[in-house]
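Enquirer: Provided below are the primary sequence and the corresponding predicted coordinates.
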Amino acid sequence: MLHYPQDCTDGYYCAKGAAAALPCPGGTTKRLGVTMTRKEDCDVCGKGTFCPVGSGAATNCSAGTFNDEEKQEACTKCAAGTFQDVEGATACADCHQGHFCKVGASSALPCPGAIQYPFQPLPLGSSSHSQIALHHHTAALRAGRRHLQ
């Protein structure tokens, strides 16, 4: 039996007479200044943060991720063509012209070989997307070959 409330750890709540502490649900955390005795005592995690089940505190989303909603268990990776270079973000920024950004990018990287391509998102798998990717790959290979000669 728990020694109420001393045995109740951060991120959990302890009902009087309970045999074990129960975790705060995902997207919530310990509420400061409150004796945690029920699930409703758990505090909602804010935008730009996440809280897995049983969190003692909200954690900022890492660079390359964001969270634009409250009460989330995880952050979302930035989509291809976007990046985020700070923690605790609520959105991702568009990749700069002449740079590329993969899924989950924490920075915009210059195009290989200093080749400057404007970013124009196309649906993956489309013939246009494949043709552009092949063109960029071929141009990068040619540029690399010139450096070796």
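Expert: Thanks, I have the structure now.

Enquirer: For the residue nearest the centre of the chain, name its beta-bridge partners.
Expert: Residue closest to the mean C-alpha point of the chain, counted by CA atoms, centre = their mean, is Thr65 at 2.6 Å. Beta bridges link Thr65 to Lys77, judged by DSSP bridges.

Enquirer: What separation is there between it and Gly48?
Expert: When distance is defined by CB to CB, to the nearest Å, Thr65 is 10 Å away from Gly48. C-beta here means a position set from N, CA and C on the backbone, and glycine is covered the same way.

Enquirer: do the same with Pro25
Expert: 19 Å.

Enquirer: Next, the distance between the ends of stretch 18-26.
Expert: Stretch 18-26 stretches 21 Å from its first residue to its last (CA to CA, to the nearest Å).

Enquirer: just stretch 19-32 next, same as before
Expert: One end of stretch 19-32 sits 23 Å from the other (CA to CA).

Enquirer: Over to stretch 65-77?
Expert: One end of stretch 65-77 sits 4 Å from the other (CA to CA).

Enquirer: List the contacts of it.
Expert: With contact meaning CB atoms under 8 Å, 6 or more residues apart in numbering, stretch 65-77 is reached by 26-28, 44-53, 61-62, 64, 78, 84, 89-92, 103-104.

Enquirer: Give me the mean pLDDT for stretch 27-35.
Expert: Averaged across stretch 27-35, pLDDT comes to 88.

Enquirer: Spatially nearest residue to Phe83, not counting backbone neighbours?
Expert: In space, Phe83 comes closest to Ala105 once its chain neighbours are excluded; the distance is 3.9 Å by CB to CB, 6 or more residues apart in numbering.

Enquirer: is it true that Glu40 lies in a helix?
Expert: Yes: Glu40: assigned to a helix according to DSSP: H, G, I helix; E, B strand; the rest coil.

Enquirer: On the pLDDT front, check it for me.
Expert: pLDDT, Glu40: 92.

Enquirer: what ranges do the helices span in this structure?
Expert: For the chain, helices defined by DSSP state H occupy the ranges 127-148.

Enquirer: one step back: just the local confidence number for the residue nearest to the centre of the chain, please.
Expert: We note a pLDDT of 98 for Thr65 in this prediction.

Enquirer: I'm done for today, thanks for sticking with me.
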